[in-house]
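Participant: the following block contains a protein sequence and its predicted model.
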Amino acid sequence: MKYKYILFSFFSIGLTAQNLAKVNYIVMPTNGSIEKNETIMKMSVSFNGVDEALKKLEYELLVSNNRSYFHLISSLDFNERATRLARSLAGRKEYYRDNNKNELIEVVDFWGESFNVLADVNKEWELVNETKLINGYKCYKAITERKIWLKKTDNFAKVIAWYCPSIPMNYGPKGFGGLPGLILELQDDKIIYLASKIEIDEKLKINIGEIKGKVITENDYYKIVEKTNENNMNAISK
């Protein structure tokens, strides 16, 4: 499969805060298939159709004035159940990264209520002396990890990024960034996000909105999640 890259008004010396960018990402399973994953196959829930549904997901990264916004833009599928599972695996959150404030806010929908969650923006990356070409662009490997809040043990997931120094924009999917180049590929647990189209042009019309409403910490948000889940389980058991 070939992926389309469009670059306008690009200067290899660097990009100023005023540069505008729009990047589209497709997703795919890390090991080729979710449905054939040994762990998934042992679960009682059927994941039939998820592999195909993942192919229909598309995400967008917008960059403007030292800020970025990452979100899901497409998820059409006639198999609604498979699409819901695919969205859950690949993610439905919106991510606002503000390098001016050194801040990352995730907008999460939980039981019909929207929460603005202040997440960890300062990832410690291990830069690896390993390269590969992604559609003709030389990319370098970096490794970090993220916390899985609702797990009590083994609650960290490995994240691998492939960033491109020749596109000096320190952003990427799911709010990840801080690397010396745009992240063209991100492997987060079972899902890979791969850049399929890049537009960099001062004439792009990009407006990243402001966060509305109260912002809470990750710790406070997951306390709400745990309490809600506990209340639901108690209601079911009665």
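Facilitator: Good, I have the coordinates.
Participant: just the pLDDT at the most centrally placed residue in the chain, thanks.
Facilitator: The centroid of the chain falls nearest to Lys174 when counting by C-alpha atoms, centre = their mean (2.4 Å). If you check Lys174, the pLDDT there is 97.
Participant: my read is it is in a helix, agree?
Facilitator: Yes - counting by DSSP: H, G, I helix; E, B strand; the rest coil, Lys174 falls inside a helix.
Participant: what segments of this structure are helices?
Facilitator: Counting by DSSP state H, the chain has helices at residues 38-41, 50-55, 80-90, 218-237.
Participant: now do the contacts for the residue nearest to the centre of the chain.
Facilitator: Lys174 sits next to 70, 91, 93, 95, 186, 188, 193 when contact means C-beta atoms under 8 Å, 6 or more residues apart in numbering. Using the backbone N, CA and C atoms, a C-beta is placed for each residue, glycine as well.
Participant: can you find the helix or strand of the protein with the lowest average pLDDT?
Facilitator: Least confident element among the helices and strands of the chain, by mean pLDDT, DSSP states H and E: helix 38-41 (a mean of 64).
Participant: how far does stretch 127-147 stretch from one end to the other?
Facilitator: With C-alpha to C-alpha, to the nearest Å as the measure, stretch 127-147 spans 19 Å from end to end.
Participant: repeat that for stretch 207-224.
Facilitator: Stretch 207-224 has its terminal residues 31 Å apart, counting by C-alpha to C-alpha.
Participant: repeat that for stretch 129-139.
Facilitator: From its first residue to its last, stretch 129-139 covers 11 Å (C-alpha to C-alpha).
Participant: check the offset of that stretch from the chain's centre.
Facilitator: Relative to the mean C-alpha coordinate of its chain, stretch 129-139 is positioned 20 Å out (C-alpha atoms, centre = their mean, to the nearest Å).
Participant: just the buried positions in that stretch, please.
Facilitator: By 16 or more other C-beta atoms under 10 Å, the buried positions in stretch 129-139 come out as 134, 137, 139.
Participant: which residues does the nearest residue to Tyr96 once chain neighbours are set aside bridge with?
Facilitator: Of all residues not flanking Tyr96 in the chain, Ile105 sits nearest, at 4.6 Å (C-beta to C-beta, 6 or more residues apart in numbering). Ile105 has these beta-bridge partners by DSSP bridges: Tyr96, Leu118.
Participant: how many residues are close by the residue nearest to Asp109 when sequence neighbours are not counted?
Facilitator: Leaving aside its chain neighbours, Asp109 sits nearest to Arg92 (6.8 Å; criterion: C-beta to C-beta, 6+ apart). Neighbours of Arg92 under the rule other C-beta atoms under 10 Å: 14.
Participant: quick one: pLDDT of Arg92?
Facilitator: 92.
Participant: hang on, isn't it packed against Val107?
Facilitator: No - the pair Arg92 and Val107 does not pass the contact test of C-beta atoms under 8 Å, sitting 9.7 Å apart.
Participant: any idea how far the residue nearest to Asp109 is from Gly181?
Facilitator: Distance from Arg92 to Gly181, counting by C-beta to C-beta, to the nearest Å: 27 Å.
Participant: I'd guessed Tyr140 sits against Ile167; true?
Facilitator: No - with contact defined as C-beta under 8 Å, Tyr140 does not count as touching Ile167 (11.8 Å).
Participant: low-confidence stretches in this protein?
Facilitator: For the chain, applying pLDDT under 70 flags the ranges 1-18, 38-45, 75-78, 233-238.
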